[in-house]
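S.K.: need coordinates for the below:
(chains A and B)
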Amino acid sequence: MNDLGTAMRDVAEHVDVRAGFVGDVLRGGQRRLALRRRGLAVAMAAVVGLIGFGAGVLVRVRSDPGPLDVRLLEPTKGNLANDRSTLLRATELWRSSTAPTWREERGVTEFRGGPHVYWAGVTFGGDAAVVMQEAKAQDRWQTMVGLIATDPADGVRKLVGSTNPRDPAGLGESFQFGWQDRTFLVLDRPTPVYLSQAAAWDHDGRAHRTWTLVKMDDGVGLWTVPEGSDPATTRLVATDDPPTATVSADRLLTTRPASSYVRDGIYARRTGAPAVPAAVDRLFSAGTRLLVGADARTPPIDVDPVALLRAAGMTDLGPDPRAGTWRIRGRLPDGELVLVGEYQQSPRPSALYAVLLTDRGTPEQVLRGSEVEPSSVAVVRLPDDRGWVAAADGKQLRYRTSTGGDWLGSDTSAALLPHDAVQVQVGTQVVDLTR
Amino acid sequence: MAVHAAEQDFEEFVVLRSQSLLRTAYLLCGGDRGAAEDLLQDVLEKMFVRWRRIKGPAEPYARAALANASANRWRRRSRKPEADWEQAGTPSVGGHEDAVVAQDAVLRALAELPPKMRAVLVLRFFDDQTEAQTAAALGCGAGTVKSQTSRGLARMRELLKVEVAR
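M.R.: Here you go, the predicted model:
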C-alpha cells in the first residue's frame, strides 16, 4: 500500500497549478452564480407572469452581461503571476483598502465580481501587484485599478495608488512608488505611452521636453528615474503619435507619488509635517499693488497670468505654475502697458514675469525676469529697448547709465528704468543689469 | 458583507489547496494534465456557487467531488480516458531514467483502470483516506471499497508486472 502511495506521490510531485488558475476559478464561479441567479429570476418571472398576466403585472428580468473589461478575464501577468501568496496578499490588501472612505472618495456604490490581480512582478521599487475590480461609480460600471506595493514612507505593503472616477486626472492607470517614489508603472493600453524625465528651459523661459516610448512588457510599462534626477519632473503621456512641443494636457497620465500623503493632506497635518514654505508672493506680501512710470493714470490691468504663461509656452506640462497675487503695473513711454508679477513652476524657484499689453489692455508678449531673492532686487528687461522694471520691497531704488556715473531717480519698492541703465542701487547694494 | 467574507474565504481555500487537489485530479485522470485542470476547475467553480452551504471541512468535500466527477466524466464520454503518453508521466527528473520509466508505468496502469476503481485507489493510497471515508466520498458501501481496492491492486500488479505490497 505504502509503495503505491509513494509511487503516486512521485508521479504527481511535479504537478502544479498554472498561472491565473485561481482567477479563472473565481471568475468561472461568479459566472455560474450569475447564471444560476438569472435562471432563478427567469423562473420567478415566468411564475409571476402567469399569475399576474390578468392583472397586467410586468416583470423585468435584469440582464447580467458579465465583466465589461476583458482584462478582468485574463490570466495574471508578470513574473510573480505564479506566486500564490503574493496574489492572495494583494487581493486581501485590496479588499481591506477599498473601505467605505475609499469608496466615498471615488463615488463607488457597489462592487461586482471579485478583485483580479492583473499583474504581479518584481520591480526596482520592490514587489508590486496591479489589482482591478468592477465597480459602479457615477451610475455606471467601470474598472477600478490599484497598485499594491511597499509605501516608501513607512515601508508597509499597502494600496499605494488607485484610479478615481471623480478626479479627471485620476483615470490614468499609472502609478508612482518605490524608493523616493522613483518607479513609474503604467498599464498597457491601445494608445502608446511616452515618457519624459524632465523639462529643459531655454533662455526665454520656455519649456522643452524630449520623449521616449515606454516599452510595454507583459501588460505593464515600468520606468525608474535614476538617482540625481527629480521624479517630480517626470511626465507620461498617451498619444498615437510621438509628442510634440504642443502635446495636449489631456494626454497626460497623472501620477501621484505613493508617499505624497506624508507631505500634504490630513495625515501630514496630523503628524505635524513641516510647513512647506510659500512658493510665491516672496518679493512682496500678497495683494500688494504698485505703480511705476510717470503716468499715474495707468488703468487697472485684468489678465490671467497663468493662462498667458501657458499660451506663451512658459509652463511645463502638468500642474499649472503658481502665480503670486502682488502686481506692479505701469505705462511705458510708447504708451504700451506693462504688468509684472511673480510665478513659480515647480521645481524651479519663483521668478518675475512681465506682460506687455497694448494701450487698450490687449496682451501682446510675455517675458520671464530674474529669479526672486527677497533680500535683493528682482528685475525684468523689457524688449526693444523699452527699459527695465526693478523691484525690492520697501527699498529705495536708483540707477545709473554708466559705471561710476551719477545715481539717478529715486523710487521706493519698484521702478521703471530706462533701457540704457547699467546698474541699479538698492539701499547700499549695487546690482549690474546684465543683458 | 457576508458574501464578501465568504468569497474571500473561498479564494483563500483555492489558493492554498489547489496544488494538492490538482495532484489528486491528475491521478484520477490517469495522468492527463489538461483533463485534471479542467476537472478541478469545474469542481471548484461548482463549490464557489454552494460555498456557504458546504458543511464541514472543504477539502474532503473537494476530494470526494473530484473522485465522483472523474468517474462521471468518463461515464459521460462513454470511453476510457486517453492520456497524452508523450507528456504524461515524464516529469523533468533528468538523470533518473529508471524513475521516469517507473512513474510512466504507474500512470499507464492507473489510466487502464475503470474510473471508479482508480478513484478508490487514489483516495485510499494517495489521499490516505480510510475505507469508511472513501466509501462516504464515493457514496458506496465499505464492502465495495474493500473489493475495489483488492481488485484494483491486483490489476495494478498485473499491469506493472511488479509486486505492489499490500
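S.K.: so where's chain A shaky on pLDDT?
M.R.: Along chain A, the model assigns pLDDT under 70 to residues A:1-2, A:38-67, A:260-278.
S.K.: quick one, domains of chain A?
M.R.: Here the domain parsing of chain A from automatic domain parsing is A:18-66, A:68-262, A:289-432.
S.K.: is the longest one in proximity to chain B?
M.R.: Pointing back at domain A:68-262 there. Yes. Residues of domain A:68-262 are located near chain B by Cβ under 8 Å from any Cβ of the partner chain, namely A:Arg84, A:Ser85, A:Leu87, A:Leu88, A:Thr91, A:Glu92, A:Arg95, A:Gly114. (Each C-beta comes from the backbone N, C-alpha and C, glycine too.)
S.K.: just to revisit the earlier point, take the domains of chain A and lay them out in CSV including mean neighbour count.
M.R.: Below are the domains of chain A laid out as CSV (neighbours: other Cβ atoms under 10 Å in any protein chain shown):
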stretch, mean neighbour count
domain A:18-66, 14
domain A:68-262, 18
domain A:289-432, 18
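S.K.: show me the contacts for the spatially closest residue to A:Trp211 that is not a sequence neighbour.
M.R.: Leaving out its chain neighbours, the residue that sits closest to A:Trp211 by Cβ to Cβ, 6 or more residues apart in numbering or on different chains is A:Tyr194, at 4.1 Å. Residues near A:Tyr194 by Cβ atoms under 8 Å, 6 or more residues apart in numbering or on different chains: A:Trp211, A:Thr212, A:Leu213, A:Val214, A:Leu236, A:Val237, A:Ala238, A:Thr239, A:Pro242, A:Pro243.
S.K.: residue contacts, the most centrally placed residue in chain A?
M.R.: Central residue of chain A (Cα atoms, centre = their mean): A:Thr254, 3.6 Å from the mean position. Shown in contact with A:Thr254 (Cβ under 8 Å, 6+ apart): A:Ala169, A:Gly170, A:Gly172, A:Ser174, A:Gly318.
S.K.: likewise A:Tyr399?
M.R.: When contacts are counted by Cβ under 8 Å, 6+ apart, A:Tyr399 touches A:Ala390, A:Trp407, A:Leu408, A:Gly409, A:Ala415, A:Leu417, A:Pro418, A:Ala421, A:Gln423, A:Val424, A:Gln425, A:Leu433.
S.K.: partner strands of the host helix or strand of it, with direction?
M.R.: Here A:Tyr399 sits within strand A:388-400, counting by DSSP states H and E. Sheet neighbours of strand A:388-400, with direction, are listed as strand A:378-381 (antiparallel), strand A:408-417 (antiparallel), strand A:423-426 (antiparallel) (DSSP bridges).
S.K.: what separates that strand from the chain centre, distance-wise?
M.R.: Remark: strand A:388-400 is offset 38 Å from the chain centroid, using Cα atoms, centre = their mean, to the nearest Å.
S.K.: cool, stretch A:247-258 as well?
M.R.: That offset, for stretch A:247-258, works out to 5 Å (Cα atoms, centre = their mean).
S.K.: how far does that stretch stretch from one end to the other?
M.R.: Criterion Cα to Cα, to the nearest Å; first-to-last residue distance in stretch A:247-258 is 26 Å.
S.K.: about what we covered before: export the contacts of A:Tyr194 to TSV and tack on distance to A:Gly313 and secondary structure?
M.R.: Below are the contacts of A:Tyr194 laid out as TSV (distance: Cβ to Cβ, whole Å; DSSP: H, G, I helix; E, B strand; the rest coil):
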residue	distance to A:Gly313	secondary structure
A:Trp211	16	coil
A:Thr212	21	strand
A:Leu213	23	strand
A:Val214	24	coil
A:Leu236	20	strand
A:Val237	16	strand
A:Ala238	22	strand
A:Thr239	18	coil
A:Pro242	18	coil
A:Pro243	14	coil
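S.K.: could you point out the longest helix of chain B?
M.R.: If you go by DSSP state H, chain B has its longest helix at helix B:2-28.
S.K.: quick one: contacts of whatever helix or strand comes next after that helix?
M.R.: Downstream of helix B:2-28, the first helix or strand assigned by DSSP H and E is helix B:33-49. Around helix B:33-49, the neighbours that count as contacts under Cβ under 8 Å, 6+ apart are A:15, A:17-18, A:21, A:24-26, A:28-33, A:36, B:10, B:14, B:18, B:21-22, B:25-26, B:28-29, B:54, B:58, B:61-62, B:65-66, B:69-70, B:73, B:81, B:84, B:87-88.
S.K.: if you set the cut-off to 6 Å instead, what comes out?
M.R.: A:25, A:28-29, A:32-33, B:10, B:14, B:21-22, B:25-26, B:29, B:65-66, B:69-70 (Cβ atoms under 6 Å, 6 or more residues apart in numbering or on different chains).
S.K.: which of those residues sit farthest apart?
M.R.: Across the contacts of helix B:33-49, the longest distance by Cβ to Cβ is 27.1 Å; it joins A:Leu33 and B:Tyr26.
S.K.: that older thread, can you redo the domains of chain A as CSV with distance to B:Asp38?
M.R.: Shown next, in CSV, are those (distance: least, Cβ to Cβ, whole Å):
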stretch, distance to B:Asp38
domain A:18-66, 11
domain A:68-262, 15
domain A:289-432, 50
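S.K.: figure out which of those domains is closest to B:Leu153.
M.R.: Among these, if distance is taken as Cβ to Cβ, the winner is domain A:18-66, at 32.5 Å.
S.K.: quick check: residues of chain B near chain A?
M.R.: Residues of chain B lying near chain A by Cβ under 6 Å from any Cβ of the partner chain: B:7, B:14-15, B:18-19, B:22-23, B:26-27, B:41, B:44-45, B:48-49, B:91, B:103, B:106-107, B:125-126, B:164-165.
S.K.: now chain B against chain A: closest residue?
M.R.: B:Phe48 (2.6 Å; Cβ to the nearest Cβ).
S.K.: let's verify whichever residue of the stretch 301-435 of chain A sits closest to chain B: helix, strand, or coil?
M.R.: Closest to chain B within the stretch 301-435 of chain A is A:Pro319: 37.4 Å, counting by Cβ to the nearest Cβ. Following DSSP: H, G, I helix; E, B strand; the rest coil, we place A:Pro319 in the coil state.
S.K.: so the residue lying closest to it once chain neighbours are set aside: helix, strand or coil?
M.R.: Distances taken as Cβ to Cβ, 6+ apart place A:Ser346 nearest to A:Pro319, at 6.8 Å, with adjacent residues excluded. Under the three-state scheme (three-state DSSP), A:Ser346 adopts coil.
S.K.: which stretches of chain A form helices?
M.R.: According to DSSP H, chain A carries its helices in the segments A:2-12, A:21-52, A:84-97, A:100-106, A:266-270, A:305-311.
S.K.: can you redo those helices as TSV with distance to A:Leu352?
M.R.: Converted to TSV, the helices of chain A look like this (distance: least, Cβ to Cβ, whole Å):
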stretch	distance to A:Leu352
helix A:2-12	76
helix A:21-52	57
helix A:84-97	45
helix A:100-106	39
helix A:266-270	31
helix A:305-311	11
